[in-house]
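J.: Just a sequence and a predicted model for now, questions to come.
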Amino acid sequence: MWLALLTTLFVSSLIPFVAGEYWTLLVTPQLAWVLVANYWHDGLHFSLSSDWRVNAILPYLLPLLSSPWMWYHQHVIGHHAYTNIGHKDPDLAHAPQLMREHESIKWRKSHTHQSHINHVSLVWSIGVGLGLNFLSDIKANLKLSFNNSVPYAKLARPRLICHLVGRLVYLFALFIWPYMVFPVWKAVIWVIVPNVGFSISFMLNSQINHLNEDCAHASSPNFLKHQAITAMDFGNNSLFCRYFSGGLNYQIEHHLFPFVNHCHLPYLAPHVKELCRKH
């Protein structure tokens, strides 16, 4: 019911968005983010449905955060197995030229002002549209490694063609069509504002979960304990946080049970907390 309502609202907002109504610059990207957060992420963890085909196919209908194929490598294979482990967790090395959030990243002069709001705003604004969807994708296919952390098998020609077509569709849908229907000045607005808004929403709900002082360099030889101490929950008593983050606010529970749909995580949280206190 919740996903059906979200889908209806998002699809309904696309008509005025394409027509150039200004209110959609803020509303449509956020509806897109909430929809992606509440179904796409679960689908790629095969926790959206008991039917593997639903989990495998549905993420390709709205690949706004990343190519699903790339997400498997970056997130499911790399990040979840090697959370916050240097040179193994690809999430530590998305933009080493701009941000250093782990000791495994070599210090550069460009990191000097990385805590400044202007620096953070720039990185958060381009993290999805430019970073995940293009730069990381291109580097992985050329170097056969995702962020020099996760081995990446060379795609067979038919699959590579399908992958490139998908990326071209994304490029057209988010960056090109506005220039075909609006004046240049308005097209620039329609390209920048939605992409920045969507990217910031993702970064806001994902970066605080692992890359903080308590979690970034925590480690344990026990896999489950490592998952618990390298993640952080937030806003567990807030329905807004739960729905706006798609359950990412229960990050500890998600890392312990990645194949459990996020709607169940609030019910697991008290039991996880009790076990953590005990051990």
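T.: All right, it came through fine.
J.: hey, let's count contacts and neighbours off CA atoms from now on
T.: Will do.
J.: contacting residues for His94?
T.: By C-alpha atoms under 8 Å, 6 or more residues apart in numbering, the residues touching His94 are Gly131, Ser136, Asn147.
J.: Please name the nearest non-neighbouring residue to the last one.
T.: By that I understand Asn147. Pro90 (5.4 Å; C-alpha to C-alpha, 6 or more residues apart in numbering).
J.: any idea how far Trp52 is from the one you found?
T.: 26 Å (C-alpha to C-alpha, to the nearest Å).
J.: who's more crowded, those two?
T.: For Pro90 versus Trp52, neighbours defined as other C-alpha atoms under 10 Å are more numerous around Pro90 (25 against 13).
J.: Contact partners for the residue nearest to Asn147?
T.: Pro90 makes contacts with Gln74, His75, Gly78, His79, Phe146, Asn147, Asn148, Ser149, Val150, as judged by C-alpha under 8 Å, 6+ apart.
J.: ok, residues contacting the helix or strand harbouring Glu253?
T.: Counting by DSSP states H and E, the element that carries Glu253 is helix 251-256. Applying C-alpha under 8 Å, 6+ apart, the contact partners of helix 251-256 are 80, 209, 224, 227-229, 231-233, 248, 260, 262, 265, 268-269, 272.
J.: same thing with stretch 22-40?
T.: Contacts of stretch 22-40 (C-alpha under 8 Å, 6+ apart): 3, 6-7, 9-10, 13-14, 16-17, 48, 58-59, 62, 64-65, 190, 193-195, 197-198, 201-202, 243-247.
J.: buried ones in that stretch?
T.: Judged by neighbour count using 16 or more other C-alpha atoms under 10 Å, the buried positions of stretch 22-40 are 24-25, 27-40.
J.: cool, stretch 179-196 as well?
T.: Neighbour-count burial for stretch 179-196, counted by 16+ other C-alpha under 10 Å, picks out Phe182, Ala187, Trp190, Val191, Ile192, Pro194, Asn195, Val196.
J.: Dump those to JSON lines, plus distance to Cys276 and pLDDT.
T.: As requested, those are arranged in JSON lines below (distance: C-alpha to C-alpha, whole Å; pLDDT from 0 to 100):
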{"residue": "Phe182", "distance to Cys276": "55", "pLDDT": "97"}
{"residue": "Ala187", "distance to Cys276": "51", "pLDDT": "97"}
{"residue": "Trp190", "distance to Cys276": "47", "pLDDT": "97"}
{"residue": "Val191", "distance to Cys276": "45", "pLDDT": "97"}
{"residue": "Ile192", "distance to Cys276": "43", "pLDDT": "96"}
{"residue": "Pro194", "distance to Cys276": "40", "pLDDT": "96"}
{"residue": "Asn195", "distance to Cys276": "39", "pLDDT": "96"}
{"residue": "Val196", "distance to Cys276": "38", "pLDDT": "96"}
